[in-house]
Structure formats: C-alpha cells, structure tokens
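# Build the 3D model from these lines:
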Amino acid sequence: MRREPKRASLKVTARRVETEDEFREQPSERPVDAIPADESLKRVLLVEDDELVAAGLAALLEMEGMAVLVIGRGLPVVKAVESFQPEAVILDLTLPDIGGIEVFRRLRGRWPQLPIVFSTGHASSTKLSAELSGDRVELLRKPYEIDELLAALQRITAV
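Numbers count the residues shown, from 1 in each chain. Modelled structure (predicted):
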C-alpha cells in the first residue's frame, strides 16, 4: 500500500557517507536479506555519486517513509550494508572508485538475496543482462520517475 507523500516542508535527513571509517553503528541482529511479508520497506542504501541526484532521490524516498543512507563511492558499500542493514540497495552503475558491477559482485558474494536496483544513464541493457543474475535485480535507466523506482523496489522486495 502506497502512502500519499507529505506536501509540507521537506527536510532531507539522509546521511551521506564517503568512507568506511564513517561507520560506527553495530550491525542489527536481523539478516540483511530477510524482509517479513507484512513489513513495508524501511531502509534503503542509495549508492549514487551525483550529489543532486542522490539528494533528490533520498528526499523522495524519505517522503515515502523510508530511512535512506547515501554513499557516493563503491568501496564503502559492503561495510555500509553490514552496519545499516538495508532491505534494498539502489546502485549507480558508474561510480568514481569502482564500478557498480564490481559492487554488485561483492554484495552478491555475501548477501545473495539482497534486492538491488541498478540506476544508470550510461549502460546498455544488453551488456548488463549478461552480468546481472538473480530474481531480486532490476535495471532502471535514468531519467526515471519516482513511481518507476518504487515499483521496482516493490517487485524485488516481494517475499
């Protein structure tokens, strides 16, 4: 069930993290790939190096009631997943340090069922289809509407 977005003042509370050293939280006890069927999506890790895109997406996701952690590089993602315990990851394909495909491989190696939405404006879907495997993966080409992102998140997090 989708909530109606709040139309009052907007305060972006998403935390932006750039390095692994910025994580001080302890991992939660719940496995990262376990989302009960009766629970809505609560925590999303947004991996996006474009600060304007990240801020806009984070604000829109927060208006939908989600907690968002924003990371602008690929290297700290594994540690972020350990600490933040997201129910889904929105992953830009082109990052300044390592590519989104390599981040995907690292995540899949540790959390094979973690839902991931690739967000890209650069890659062809033919090239990616060979790289991406699994039923909890979606590809969105930028620019896209927030409803498309929410629908993709819903599809990949359905238990």
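# For the protein, just list every one of the strands.
Counting by DSSP state E, the chain has strands at residues 15-17, 43-47, 67-71, 88-92, 116-120, 137-141.
# As CSV, these with mean pLDDT and mean neighbour count would be great.
Quick note: C-beta positions are derived from backbone N, CA and C, even for glycine. As requested, the strands of the chain are arranged in CSV below (pLDDT from 0 to 100; neighbours: other CB atoms under 10 Å):
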stretch, mean pLDDT, mean neighbour count
strand 15-17, 54, 17
strand 43-47, 97, 24
strand 67-71, 97, 24
strand 88-92, 96, 25
strand 116-120, 91, 23
strand 137-141, 89, 17
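# any chance of these in CSV, with distance to residue 107 too?
Output for the strands of the chain, formatted as CSV (distance: least, CB to CB, whole Å):
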stretch, distance to residue 107
strand 15-17, 16
strand 43-47, 10
strand 67-71, 12
strand 88-92, 7
strand 116-120, 7
strand 137-141, 10
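# So which of those is nearest residue 99?
Closest to residue 99 of the strands of the chain is strand 88-92 (CB to CB; 9.6 Å).
# Contact partners for residue 135?
Counting by CB atoms under 8 Å, 6 or more residues apart in numbering, residue 135 touches residue 156.
# again, 10 Å this time
113, 115, 155-156, 158 (CB atoms under 10 Å, 6 or more residues apart in numbering).
# same question, residue 155
With contacts defined as CB under 10 Å, 6+ apart, residue 155 is in contact with 115, 117, 135-136, 138.
# closest to residue 100 among those residues?
The closest of the contacts of residue 155, once distances to residue 100 are taken by CB to CB, is residue 117, at 10.9 Å.
# Any idea what the closest one is bridged to?
Counting by DSSP bridges, residue 117 is bridged to residue 90, residue 138.
# Repeat that for residue 43.
residue 67.
# My guess is it contacts residue 90. True?
No - Residue 43 lies out of contact with residue 90 (CB atoms under 10 Å); the separation is 11.7 Å.
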